[in-house]
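Novice: pasted the sequence and its predicted model underneath.
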Amino acid sequence: MPVTLVIGSQWGDEGKGKIIDYLAKDSDFVVRFHGGNNAGHTIINKYGKFALHLIPGGIFNLNTKAVIANGVVIDLAVLLSEIELVEKAGIKVKGRLFISPRCQLIMPYHKLLEQVYEEAKKGVNTPQPTGRGIGPVYADKVTYNGITLGDLLDRKSFKEKLSVQVLIKNKTLKPFGKKVNKNVVEKDFFSMRRKILPFISDTFTIINSAIDKKQNILLEGAQGTFLDNDWGIYPFVTASNAVSGGVNAGAGIAPNKINKVIGVAKAYTTRVGFGPVPTEQKNGIGNKLREIGGEYGATTGRPRRCGWLDLEMLRFAVKINGFTEICITKLDVLDNFEKIKVCVRYNLNSKRISYEQCSTKDFDRVKPVYKTYKGWQKSIKEAKNFKDLPKEAQIYLRDIEKMLGVKITYVSTGVKRNEIIKI
Ligand code: IMP
């Protein structure tokens, strides 16, 4: 299938990196189309261990090219250090990484603005952002105040735009005792300019020519459905569209060109940051999931909040993203649970309520209705086929499939590259 889209079906951190890595070996292009270095995945391969936040995972497959499309917001210093890291490992990046000039640049004032917003909000109505300036850079984009990578090509225009923005931003920052120095910012960006120039390309044409040639394109969604700016639990969301529709605007790919939409879901639920999580277990179960699953943020190191799988949310994720198949990750984390619960619906005031009907406040009050499964209580790491899985694990997966009405095609059974079952 030439164009495959991989989307997180929870709150990010579903283990998309592993499935991307698995699928990238057959892909001509791996494309990122939204978000920025708020995302992150650790890649372990024969070249070493790498924490990448911006460069698509496919860069390590030498036959694959990587694209950072227009919808991505770029912290230039972070991107350049990632390029350097990959090059130091002996991987050729020039001629294999293409970055759209339409990408918005994260400027130092965006990170400061995020800090002052957080200070002013005092922990109320905030998703606890990652500190990367993601909200403020997207805000500037939609209010026509952004500076793009393409602007950096024209020094004069860059200088003019920066002057206006620094003037405005410093007025907002002043009451909080913060400011940016225009000359320093300008010098920093001009010193990075030369290094990034060879990577700037017309990614629309690159991607669409590849589609016309029926090449394999893998679209790497970042974050997850419930962090989507429109469809997540607002304001506990991120600034971009993390649902499948984001790919049209974010990469310039028409919806009818997408052949497969793979939803990635962890066998339980996690989230980093504030906001309602109906199935969260603030008890020994949550702690056990966190410790066994190593649930600490890849970008910030923050402990993730953990709970049971939420099929009410997944049902919504299937609908809005149009999943054609599902990949279940980290099933092995449930190996040592005597009983495993799954939320099958929500009740509010003893009446059924769906995800899409809930207001943000409702999510704090909904009562998840659980179905309980018998745990398999043995390691599944050695399983190579679905039929090798313990009977209880097979029942668990088949039931999820039935309730969601979508086929599970991959099950990840461990951290290693080969610990994956294709069904
Ligand atoms: P921001 O994207 O940094 O503005 O953060 C907004 C919310 O999204 C916060 O709750 C973050 O913890 C969360 N978030 C952003 N990116 C990721 C991710 O890649 N994985 C998990 N959570 C994320």
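Specialist: Arrived safely, thanks for sending.
Novice: that's a helix at residue 172, yeah?
Specialist: Yes: secondary structure of residue 172 (DSSP: H, G, I helix; E, B strand; the rest coil): part of a helix.
Novice: that one and residue 112 touch, don't they?
Specialist: No: using CB atoms under 8 Å, residue 172 is not in contact with residue 112; the gap is 9.1 Å. No exception for glycine: its C-beta is placed from N, CA and C like everyone else's.
Novice: quick one, which of these two is more surrounded?
Specialist: residue 112 (20 against 16; other CB atoms under 10 Å).
Novice: list the contacts for that one?
Specialist: Applying CB atoms under 8 Å, 6 or more residues apart in numbering, one finds that residue 112 lies in contact with 169, 173, 178, 180.
Novice: which PyMOL command selects the buried ones in those?
Specialist: Per 16 or more other CB atoms under 10 Å, the buried members of the contacts of residue 112 correspond to this PyMOL selection:
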select buried, resi 169+173+178+180
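Novice: the contacts of residue 112 in helices, which ones?
Specialist: 169, 173 (DSSP state H).
Novice: avg pLDDT for stretch 96-111?
Specialist: With pLDDT averaged residue by residue, stretch 96-111 scores 98.
Novice: may I see the buried residues of that stretch?
Specialist: 96-100, 102-111.
Novice: can you tell me which of the residues you listed are in strands?
Specialist: 97-99, 104-105 (DSSP state E).
Novice: hmm, residue 242 is touching residue 8, no?
Specialist: Yes: with contact defined as CB under 8 Å, residue 242 counts as touching residue 8 (6.7 Å).
Novice: wait, residue 26 touches residue 63, no?
Specialist: No: applying CB under 8 Å, one finds residue 26 not in contact with residue 63, separated by 9.2 Å.
Novice: packing partners for the longest strand along the chain?
Specialist: Longest strand in the chain by number of residues (criterion: DSSP E): strand 339-348. If contacts are counted by 3 or more CB pairs under 8 Å, 6 or more residues apart in numbering; DSSP states H and E, strand 339-348 sits against strand 309-310, helix 311-321, strand 351-353, strand 367-374, helix 391-404.
Novice: shaky segments in this protein?
Specialist: 1 (pLDDT under 70).
Novice: quick one, helices of it?
Specialist: Under DSSP H, the chain gives helices at 16-24, 76-88, 108-121, 134-142, 155-173, 182-196, 203-212, 246-251, 284-293, 311-321, 362-365, 391-404.
Novice: residues touching residue 100, list them.
Specialist: Applying CB under 8 Å, 6+ apart, the residues near residue 100 are 67-70, 72, 149, 200-204.
Novice: okay, now residue 95: neighbour count?
Specialist: When neighbours are counted by other CB under 10 Å, residue 95 comes out with 9.
Novice: residues contacting whichever residue of the stretch 251-400 of the chain sits closest to the ligand?
Specialist: Residue nearest to the ligand within the stretch 251-400 of the chain: residue 273 (2.4 Å; CB to the nearest ligand atom). Residues counted as contacts of residue 273 (CB under 8 Å, 6+ apart) are 127-129, 236, 302.
Novice: same question for residue 229.
Specialist: 138, 237-242.
Novice: quick one: it and residue 124, what's the gap?
Specialist: For residue 229, the distance to residue 124 equals 19 Å [CB to CB, to the nearest Å].
Novice: then residue 32?
Specialist: 32 Å.
Novice: so which of those two has more stuff around it?
Specialist: residue 32 (27 against 7).
Novice: hang on, isn't the more buried one packed against residue 68?
Specialist: Yes: taking CB under 8 Å as the definition, residue 32 is a contact partner of residue 68 at 5.4 Å.
Novice: report the two of the buried residues of stretch 96-111 separated the most.
Specialist: 96 and 109 (32.2 Å; CB to CB).
Novice: related to what we said a few turns ago, tell me which residues are up against the longest strand of the chain.
Specialist: Taking CB under 8 Å, 6+ apart as the rule, strand 339-348 contacts 278-279, 308-312, 334, 352-355, 358, 362, 365-375, 396, 399-400, 403.
Novice: buried among these? Need that as a selection in ChimeraX.
Specialist: In ChimeraX, a selection of the buried entries from the contacts of strand 339-348 looks like this (16+ other CB under 10 Å):
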select :278,279,308,309,310,311,312,334,353,355,358,362,366,368,370,373,375,396,400,403
